[in-house]
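> Next come a sequence and a model predicted from it.
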Amino acid sequence: MKDSSHPLFNLKDLVKNQTLESLESISDPSIWQPLKGTDKELLAELLITKGQKLLGQGDAEALLFFEKAAEIASHSPKVFYLLGNVYASQDSNMGFLRSALESYNRSISLSSEKVDVDVWVALIKLLLQKGELLGEVGYFQAAKEKCQLLFSLAPTLAPNLLAQFLWLYGRSYFLAGKIYGEVIDFHEALDKYRLAAEKGLNLPGFWKDYGDVLFELADLLDRFDLYGEAAEFYLKSIKLSHDCSESWHSIALCYMHIFEDKGSLLDFDFAKSSFENAAKLDNTNYKIWLNWGNLECEYGKQNGDAKSLQESVIKFSKASDLEPNHPRIYRHWGEAFMFLGSLTEDVQLLKAAERQLALSLEMHPESCDTWHLYGICLNELGRYFSDERYYHLAIEKFQHGITINSQFPALWHGMGLSLFSIGELNSDHHIVEKASVHFAKAIDLGAAKSPQCWNDWGVALMRMAELTNDKIHIEGAVEKFQKALSLQDASSSHPADPELLYNYGCAMDFLGDYYDDVHYYEKAIEALSNVLTIDPEYIHARYNLALAFSHLGELVMDVDCFHRAAEQFQILLNLDNEDEMAWHEFGMTLLHLAHLIDDPALPTKSQSYFEQAEIKLMHAQSLGCSQSYYALACLYSLTENVGAGIYYLEKADVNNVLPSIEEILQDEWLENLRQTSAFQIFQANKEREL
């Protein structure tokens, strides 16, 4: 007769009420061994449930309940599946995850005659989980092998199970692809995700994963169109789960990349609003604030927008509050300070940038990106103070970065900028030539798709042409500017960069001077006019456009060209009335015009232009433009005021702005002066000096 007082007598009631309080009642195998298989399963489930409660309370006795459950129902696939689930729930404990793996494999081995898809799916998920935690591809490979085995049974699977399985199958390829960087893995993953979607899988996590695959592939292939496709899947995820901060963050990153490519305000606004949504749902995630800061910083850099750069500084400060002493945050924070300081001419911000970048390097001294930014920051300080010492310090930073990675193109580019600035300060074409070599090195190492690098190389060559008067350099500069513009046109996403057009226009004007060729001047006028269409306040472009019109007028003796030059100079002086060179060149333009239309029979025709030229040149020299002395000497020679002419010729000599004696003797504008005894004395004195 059964002992009705035994605690296991009414096992179903115990399972139902979960009243088992300890292991004492089942410590003796003779008590539970007589139970039937189903009763043993029931008892094991009760033990697992009790162990879960204890585990939630942090009680180590939980493990004893799990071990006893495995002992009592040692032949039950279901019990080992349940144990696997409990162990897998402790995803931060590698020991538990190892036990979960053993339990799932045990469950599968015990049900060899029948495939339990739930167990297989749980095992595959666990393999992927461990692979992600440990960064070990072997787990992903094992997951793929399990998927391939299960896929052979696909015809027998219910559509909903097949869809979930395909999701995991695709994820195994995706995670392997992230580590190996193999495009084929991503395409295999996308094939599986597409099939899962066709089978009707419609879960927020699935669409988020689908977007992640496309996002990573876009990064790998530098395919900006794929960011747009990824964003569509993230949006599907959000429609099913609107409060998912991760999906909003991912959408923001997609549109941030698209904005970086296209420069579209619409994409910027979409990215910004997505960051806002992500931050509202999770304002403690430092990565959201860091990436949002990067978006604002990029907009500020592209558009010269101080407000956006200030916003980026605020976002980086928030990220740093959430994640103190993070080298990446300090690096981007320093970059924002640097561009803001450069834009606003605020040396304190440049110094703040230097401090942040130094802090970043203290924590991560192997970062070539940070060494590059540190060097650029010192270049900016050198520009601000016109101090060569900063450029030499910058070169030290770039060189240190190169010792870490000599194949990093930005470091060579940055060093080229430092050398160019030193050469510019000293008018030393040898140093400028070294800068040119460094730009070429950067191009060879991977900056060939960078319009800015080609542009900077062109600027160096143009400066060499100015210093050496060698046409090979200016022709090389034009080639580099054309390459920069073609790279920009090829993307057809950004509006034309005014800086590139400006430099190209200046080079064309230079060639026009060199070859006395109308075609080059017309090209210069076209390019510089386009710059002003984009940015009407681009002062240097307006100045050089005025010069190009004046040069063309001088070559073809066209009154209309001089008038158009004068119009541009007047607009320029309305913007900046203290520009001494604008006053000087305005005066020279009017002097050319006066000389062109001068007619002894009609002296009043040119008189007003001579008078206006005199006013402009006088004002230029009063502002400190010493070049105007020689111009005034020429003016007074043309107007036969030889006493004033000699006076300004001597002033030009005293201020070391006098051309060579050979040029003076050939200058047709000085013909009237050369006929005077005063000039003969001046010439004799100059020849004695020689």
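Yep, it's here.
> Spell out the residue ranges of the helices in the stretch 451-600 of the chain.
Ranges of helices in the stretch 451-600 of the chain, per DSSP state H, counting those that start in this stretch, are 451-468, 471-491, 498-515, 518-534, 539-556, 559-575, 580-597.
> Identify whichever of these lies nearest to Gln141.
Gln141 sits nearest to helix 471-491 of all the helices of the stretch 451-600 of the chain, at 38.7 Å, using Cβ to Cβ. The C-beta positions use only the backbone N, C-alpha and C, and glycine is treated the same way.
> Let me know the angle separating that closest one from helix 518-534.
Computed with axes from the mean of the first three to the mean of the last three Cα atoms, to 10 degrees, the direction of helix 471-491 lies at 40 degrees from that of helix 518-534.
> What secondary structure category should be reported for Pro324?
Under DSSP: H, G, I helix; E, B strand; the rest coil, the three-state class of Pro324 is coil.
> leaving aside the residues next to it on the chain, what's closest to Tyr169?
The shortest distance from Tyr169 to any non-neighbouring residue, by Cβ to Cβ, 6 or more residues apart in numbering, is to Cys147 (4.1 Å).
> any idea how far Trp167 is from the one you found?
Applying Cβ to Cβ, to the nearest Å, the value for Cys147 to Trp167 is 10 Å.
> Kindly report the same for Ala678.
Between Ala678 and Trp167 the distance, using Cβ to Cβ, works out to 96 Å.
> show me what contacts the closest residue to Ser550 other than its chain neighbours?
With sequence-adjacent residues excluded and distances taken as Cβ to Cβ, 6+ apart, Ser550 is closest to Ala565, at 4.0 Å. Shown in contact with Ala565 (Cβ atoms under 8 Å, 6 or more residues apart in numbering): Ala546, Leu547, Phe549, Ser550, Gly553, Thr589.
> returning to that earlier point: can you tell me the helix or strand for the residue nearest to Tyr169?
Assigned by DSSP states H and E, Cys147 belongs to helix 137-151.
> can you pull the contacts of the closest residue to Met462 other than its chain neighbours?
Distances taken as Cβ to Cβ, 6+ apart place Ala477 nearest to Met462, at 4.0 Å, with adjacent residues excluded. Residues counted as contacts of Ala477 (Cβ under 8 Å, 6+ apart) are Gly458, Val459, Leu461, Met462, Ala465, Asn503, Ala507, Phe510.
> what about the fourth one, neighbour count?
For Met462, the tally of surrounding residues (other Cβ atoms under 10 Å) stands at 23.
> C-terminal to the strand or helix carrying Ile251, what's the next element?
Ile251 belongs to helix 245-262 when elements are defined using DSSP H and E. Under the assignment DSSP H and E, the closest C-terminal helix or strand after helix 245-262 is helix 265-281.
> Can you pull out the low-pLDDT segments for this protein?
1-28, 30-31, 112-113, 115, 153-155, 490-495, 601, 690 (pLDDT under 70).
> Got the domain ranges for it?
As recorded under the TED database, the domains making up the chain are 1-113, 581-662.
> between the host helix or strand of Ile431 and helix 451-468, how many degrees?
Assigned by DSSP H and E, Ile431 belongs to helix 429-445. Using the same axes, to 10 degrees, the inter-axis angle of helix 429-445 relative to helix 451-468 is 160 degrees.
> Now find how far off-centre helix 429-445 is within its chain.
23 Å (Cα atoms, centre = their mean, to the nearest Å).
> What residues does Asn455 make contact with?
Shown in contact with Asn455 (Cβ under 8 Å, 6+ apart): Lys480, Phe481, Ala484, Glu499, Leu500, Asn503.
> Name the nearest of those residues relative to Leu350.
Minimum separation from Leu350 among those (Cβ to Cβ) is found for Glu499, which lies at 20.9 Å.
> Please give me every residue in contact with the closest one.
Asn455.
> For the helix holding Ile251, name the packing helices and strands.
Applying 3 or more Cβ pairs under 8 Å, 6 or more residues apart in numbering; DSSP states H and E, we find helix 245-262 packed against helix 204-221, helix 224-240, helix 265-281, helix 286-303.
> I'd like to know which of those is closest to Ala652.
Among these, helix 286-303 sits nearest to Ala652 (Cβ to Cβ), with 43.7 Å.
> what distance separates the closest one from the middle of the whole chain?
For helix 286-303, the distance to the chain centre is 10 Å (Cα atoms, centre = their mean).
> just stretch 511-521 next, same as before
38 Å.
> Also stretch 523-540?
Worked out by Cα atoms, centre = their mean, stretch 523-540 lies 27 Å from the chain centre.
> do the same with stretch 359-378
Worked out by Cα atoms, centre = their mean, stretch 359-378 lies 16 Å from the chain centre.
> now do stretch 250-258
For stretch 250-258, the distance to the chain centre is 13 Å (Cα atoms, centre = their mean).
> cool, and stretch 226-243?
Computed by Cα atoms, centre = their mean, the chain-centroid distance of stretch 226-243 equals 24 Å.
> Next: stretch 260-274.
14 Å.
> hmm, who's touching it?
224, 248-249, 251-256, 258-259, 292, 295-296, 298-299, 302, 491, 493-495.
> one step back: which one of Ala678 and Trp167 is surrounded by more residues?
More crowded of Ala678 and Trp167, by other Cβ under 10 Å: Trp167, with 23 against 15.
> Can you name every helix or strand that the helix or strand containing the more buried one contacts?
Trp167 belongs to helix 159-180 when assigned by DSSP H and E. Applying 3+ Cβ pairs under 8 Å, 6+ apart, we find helix 159-180 packed against helix 117-134, helix 137-151, helix 183-198, helix 204-221.
> Need the residues that contact the second one.
Translated: helix 137-151. With Cβ under 8 Å, 6+ apart as the test, helix 137-151 has contacts from 115, 117, 120, 123-124, 127-128, 130-131, 165, 168-169, 172-173, 175-176, 179-180.
> Out of the residues you listed, which end up buried?
The neighbour count (16 or more other Cβ atoms under 10 Å) marks 117, 120, 123-124, 127-128, 130-131, 165, 168-169, 172-173, 175-176 as buried among the contacts of helix 137-151.
> Turn the contacts of Ala477 into CSV, including distance to Leu340.
Converted to CSV, the contacts of Ala477 look like this (distance: Cβ to Cβ, whole Å):
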residue, distance to Leu340
Gly458, 28
Val459, 24
Leu461, 31
Met462, 29
Ala465, 34
Asn503, 25
Ala507, 31
Phe510, 34
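> burial of the nearest residue to Leu617 once chain neighbours are set aside, as a residue count?
Nearest residue to Leu617, sequence neighbours excluded (Cβ to Cβ, 6+ apart): Gly587, at 3.8 Å. A count of nearby residues for Gly587, using other Cβ under 10 Å, gives 26.
> tell me the contacts of the residue lying closest to Gly458 once chain neighbours are set aside?
What sits nearest to Gly458 in space, not counting adjacent residues and going by Cβ to Cβ, 6+ apart, is Lys480, at 3.4 Å. Lys480 makes contact with Trp454, Asn455, Trp457, Gly458, Leu461, according to Cβ under 8 Å, 6+ apart.
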